[in-house]
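# sequence and predicted structure below; questions after.
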Amino acid sequence: MHRLSATTLFLCCCCSFAFAQQPKDKQEWFIEAPGGVIDPRTGAMTATNYVVVKYADAVLTAQRATINQETGEAEAEGNVRLQHYGQVWIGEKLRYNFKTGKIIGEGFRTGQPPVFAKGEVVVGDKPAGVYVAINGLLTPDDHTDPNISIRARTLVIVPGEYVEAKQATFYLGDVPVLYLPSYRRSLKAQRPRFQFTPGYRSSFGPYLETSYNWYWNERLYGSLNVDGRLERGVGLGPDLHWRLPKFGAGTARYYYAQDEEPGLDSNGLPIDDDRQRLWLFHQAAPRTNLTVKGLLRYQSDEFIVRDFFESEYRKNVQPNSYLEANQLWSNYSLELFVQPQVNDFYETVERLPEVRLRGLRQQIAGSPFYYEADNSFGYYERAFADSSTNRPYSALRGDTFHQVDLPRTFFGWLNVTPRVGGRFTYYSEAHGPGAFTDEEDRAVLNTGAEVSFKASSLWPGARSQFWQVNGLRHIVQPSVNYVFVPHPTAPPRRLPQFDYELPSTRLLPIEYPDYNAIDSIDTQNVLRLGLRNKFQTKRKQGIDNLVHWALYTDWRLDPRSEQPTFADVYSDLDVRPFSWLTLSSETRYDPNNHLLKEANHRATLLPGGPWSWTVGHRYLREDPSFGPDSGNDLIFSSIYYRLNENWGARATHHYERRDGTMEEQQYTVYRDFRSWTSALTLRIRDERTGPTDYTVAFTFSFKAFPRFDVGDDSNKPALLLGR
């Protein structure tokens with residue numbers, strides 16, 4: 001794009017042009033228009049065949065326009081669109097002053113959810129911040145023929161503040177329903193509204209979940225929830241949200257259910273009829289780089305969230321409570337962390353409290369060396385669940401870790417980072433019914449180095465219309481990370497276990513401080529081998545990875561008694577042969593016993609038409625080290641089809657191949673009513689140990705006040721059935 005001055009444009013007369021210049025007001029004009037002509041007497045420019053004008057915070061597009069850069073006046077016609085201080089105006093004819101913000105338009109419409117407006121004539125300016133529409137229409141429906149509207153002789157619009165209709169009539173479609181001498185609607189406050197979810201579930205019987213959402217102001221709002229379940233009784237409770245200047249924001253939720261059939265807990269004991277939960281969160285930033293947040297999650301029993309708040313339960317089946325304060329400086333951070341056991345049916349490592357001082361990775365006095373540190377001190381108690389046969393124990397622990405790195409690049413491409421570090425940990429004598437350790441000091445030395453490089457090759461002539469390839473680049477990145485830790489002065493069996501290795505289907509970190517199972521530290525002599533490959537091409541959305549493949553494993557040069565020489569081999573592969581198709585694969589293979597331990601495969605088709613489809617397979621070999629939920633061979637599918645602009649449908653299936661069980665089926669039909677949307681959902685779930693669970697529910701949401709975030713219907717499908 002060429003930028004030319006007004007003089008050059010005059011000399012070129014009717015040539016196509018795009019230019020920007022600096023007038024005396026120091027604001028930058030940008031005008032792009034084929035077929036533009038400058039009037040030598042007034043300096044005004046007339047452009048046809050589509051024009052784009054940008055000045056300050058305003059952007060104007062139209063088929064034809066005349067612009068005077070000295071006065072700022074512009075007259076535009078034909079598909080006019082003005083973006084003006086966050087407000088968008090669309091119409092057929094407009095006079096606008098870029099410098100004063102004054103607007104005079106004909107046949108214009110404007111708005112932002114939840115309010116849209118239009119009028120035969122619109123007049124207003126930015127300094128006053130008031131716009132007046134004659135013979136106007138106000139509606140929450142962003143459609144040329146709204147279902148609900150208020151038609152008024154005069155509309156007064158103050159963006160971000162309010163709209164006011166005078167001599168107005170309320171319409172349902174084209175039918176007048178109610179005359180309103182004056183109607184005013186705030187654009188700040190949300191309107192109080194009810195929210196209903198009627199349905200039927202095998203374990204509930206017919207049910208109705210109801211919420212009354214209220215709004216006091218932007219600092220205080222919430223809802224009151226009242227749920228009725230024919231076979232389970234009534235549940236109710238409030239939600240409260242607050243935002244306090246200088247004191248942060250938070251949420252409080254309480255729910256109480258008088259449950260007529262609560263069932264049994266994990267120990268086979270009856271759950272009390274009176275069930276309740278409390279969820280309390282607050283976060284504040286009292287000063288720069290200081291954050292304080294706390295979360296309290298209390299449950300009267302372990303299954304209340306599973307029974308009545310399924311989406312929340314699927315996200316976190318064992319919630320914890322904590323209080324945290326963090327102060328950050330340029331090179332250090334100081335953290336206070338408190339974690340109590342609030343629910344005695346969940347195992348918790350209590351930190352009462354823990355203080356942690358971290359030294360972020362930083363250069364040492366201009367030298368090539370870099371330093372990092374991690375120091376903590378606290379009182380800890382391993383509090384087991386009340387169903388466990390293990391007994392609790394507690395101890396005082398102080399830990400300090402320091403490490404120095406020397407990152408170097410050789411030959412311009414070979415990256416080598418040797419490191420050496422040390423850790424010292426003090427443990428007091430353990431106390432409690434399960435205590436078994438005495439006072440102990442432990443010292444650990446760690447050393448090692450990481451070596452990696454990146455090489456690439458380019459084939460600019462590689463092209464394929466079918467595969468959507470426009471040039472090809474291959475990037476390969478091998479890496480080797482060596483870690484050597486001699487025997488600590490005290491082995492893990494002599495230490496109380498608070499921060500210990502948790503079962504994981506992925507490789508744990510091997511270098512410090514990423515490896516944070518402080519109490520499980522033992523000797524290591526290992527090489528982590530990695531190889532990454534990328535094939536990239538240019539597509540409309542930019543650089544796209546055709547293939548991204550990572551392979552990695554551990555070679556234990558001196559394995560411990562419980563370890564094989566080679567760890568499992570991991571493969572992470574993403575393939576995108578077309579912009580609308582993504583294939584992904586994660587596998588874990590045991591080379592010692594020639595076993596496939598884990599496989600996750602997924603294909604996602606987004607062709608951009610009326611349908612999309614995701615299908616996949618999850619396999620996890622039954623292994624005690626993976627935890628009690630291992631042993632899965634699941635095929636899943638989710639397909640969405642849009643029949644037309646008003647109707648759509650989604651079907652989701654989970655099929656377990658181990659025993660040939662269709663674990664879950666969910667079918668949803670969507671209907672768009674323009675001002676609001678609705679969904680009718682049927683779910684069938686095979687519980688294996690009991691009768692099949694059937695659920696059907698109806699949900700609806702006003703577009704002006706969306707009930708769900710975008711994508712929640714597919715990411716959190718349980719929300720379509722209630723809470």
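Yes, it's here.
# mind splitting the protein into its structural domains?
6-186, 580-723 (automatic domain parsing).
# tell me which of these sits most buried.
Comparing the domains of the chain by mean neighbour count (mean count of other C-beta atoms under 10 Å), domain 6-186 comes out on top with a mean of 17. Heads up, the C-betas are built off the backbone N, CA and C, glycines and all.
# contact partners for L336?
L323, E324, A325, N326, P353, E354, V355 (C-beta atoms under 8 Å, 6 or more residues apart in numbering).
# repeat for E586
Taking C-beta under 8 Å, 6+ apart, one finds Y570, S571, D572, L573, E598, A599, N600, H601 in contact with E586.
# I'd like to know how many residues surround the fourth one.
Around L573 sit 16 other residues, with neighbours defined as other C-beta atoms under 10 Å.
# hmm, it is touching N600, no?
No - using C-beta atoms under 8 Å, L573 is not in contact with N600, being 10.6 Å away.
# what do those two both touch?
S584, S585, E586.
# for A697, helix, strand, or coil?
In three-state terms, and counting by DSSP: H, G, I helix; E, B strand; the rest coil, A697 is strand.
# setting aside sequence neighbours, what's the nearest residue to it?
Distance criterion C-beta to C-beta, 6 or more residues apart in numbering; nearest residue to A697, sequence neighbours excluded, is G199 at 3.2 Å.
# can you give me the helices in the protein?
Applying DSSP state H to the chain gives helices spanning 6-12, 304-308, 310-315, 712-715.
# weakest of those helices by average pLDDT?
The minimum mean pLDDT among the helices of the chain belongs to helix 6-12 (a mean of 31).
# OK, contacts around the nearest residue to L60 once chain neighbours are set aside?
Spatial nearest neighbour of L60, chain neighbours left out: V53 (4.4 Å); criterion: C-beta to C-beta, 6+ apart. Contact analysis of V53 by C-beta under 8 Å, 6+ apart lists W29, F30, I31, V59, L60, T61, A65, I67, A74, F98.
# just to revisit the earlier point, could you dump the domains of the chain to CSV with distance to T348?
Formatted as CSV, those follow (distance: least, C-beta to C-beta, whole Å):
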stretch, distance to T348
domain 6-186, 43
domain 580-723, 17
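# from S638, how far out is R602?
Using C-beta to C-beta, to the nearest Å, R602 is found at 11 Å from S638.
# residues shared between the contacts of those two?
If you check R602 and S638 against C-beta under 8 Å, 6+ apart, the residues they both contact are T614, V615.
# check contacts around T71.
N97, K99.
# cool, Q563 as well?
Counted by C-beta under 8 Å, 6+ apart, Q563 has contacts R556.
# on the pLDDT front, check it for me.
For Q563, the pLDDT comes out at 89.
# what about the nearest residue to R358 once chain neighbours are set aside, neighbour count?
In space, and not counting its chain neighbours, R358 is closest to S333: 4.8 Å by C-beta to C-beta, 6+ apart. For S333, the count of nearby residues is 15 (other C-beta under 10 Å).
# is S333 in a bridge, and if so with what?
For S333, the beta-bridge partners are L328, R358 (DSSP bridges).
# so it touches E324, yeah?
No - with contacts counted by C-beta under 8 Å, S333 stays clear of E324, the gap being 11.7 Å.
# in the stretch 501-650 of the chain, where is pLDDT below threshold?
625-629 (pLDDT under 70).
# rewinding a little: adding distance to E663, write the contacts of E586 out as TSV.
Converted to TSV, the contacts of E586 look like this (distance: C-beta to C-beta, whole Å):
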residue	distance to E663
Y570	27
S571	27
D572	26
L573	27
E598	19
A599	18
N600	17
H601	18
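# of those, closest to D633?
A599 (9.3 Å; C-beta to C-beta).
# with adjacent residues omitted, what lies nearest to the closest one?
Counting by C-beta to C-beta, 6+ apart, the residue nearest A599 is Y619, at 4.3 Å.
# one more: L507?
Nearest one to L507, counting by C-beta to C-beta, 6+ apart, is Y570 at 6.2 Å.
# so who does that neighbour touch?
R506, L507, A550, L551, Y552, T553, E586, T587, R588.
# just curious, which of those is nearest to G608?
The closest of the contacts of Y570, once distances to G608 are taken by C-beta to C-beta, is E586, at 26.7 Å.
# in the sheet, who's paired with that closest one?
D572, N600.
# surely the residue nearest to A697 is in contact with G722?
Yes - when contacts are counted by C-beta under 8 Å, G199 is listed as touching G722 (6.6 Å).
# re the thing from before, next one: the residue nearest to L60 from T66, what distance?
The separation that V53 has from T66, given C-beta to C-beta, amounts to 10 Å.
# now stretch 293-303 - C-alpha only, CSV.
The C-alpha coordinates for stretch 293-303 follow below in CSV (Å, rounded to 0.1, in the frame of the first residue of the first chain):
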residue,chain,number,x,y,z
LYS,A,293,-6.9,-14.9,48.1
GLY,A,294,-8.8,-17.4,50.1
LEU,A,295,-11.1,-20.3,49.2
LEU,A,296,-13.3,-22.3,51.6
ARG,A,297,-15.2,-25.3,50.3
TYR,A,298,-17.2,-27.1,53.0
GLN,A,299,-19.4,-30.1,52.3
SER,A,300,-21.6,-32.0,54.8
ASP,A,301,-20.8,-35.2,52.9
GLU,A,302,-18.6,-36.3,50.0
PHE,A,303,-21.4,-36.7,47.4
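# now do that stretch: distance to the chain's middle.
Relative to its chain's centre, stretch 293-303 lies at 23 Å (C-alpha atoms, centre = their mean, to the nearest Å).
# I'd like the mean pLDDT over it, please.
Stretch 293-303 comes out at a mean pLDDT of 95.
# what are the contacting residues of that stretch?
262-263, 265-266, 271-272, 274-284, 305, 319-324, 342-343, 345-346.
# again, only using 6 Å
By C-beta atoms under 6 Å, 6 or more residues apart in numbering, the residues outside stretch 293-303 that reach it are 271, 275-283, 319, 321-324, 342-343, 345.
# same question, stretch 235-243
219-227, 249-257.
# now do stretch 437-453
Outside stretch 437-453, the residues within contact range by C-beta under 6 Å, 6+ apart are 413-418, 420-430, 479-486, 488-490, 494, 496, 512, 521.
# next, the buried residues of it.
Under the neighbour-count criterion of 16 or more other C-beta atoms under 10 Å, stretch 437-453 has T437, E440, R442, V444, N446, G448, A449, E450, S452, F453 buried.
# just the ones of the residues you listed in strands?
With strands taken from DSSP state E, the overlap with these comprises E440, R442, V444, N446, G448, A449, E450, S452, F453.
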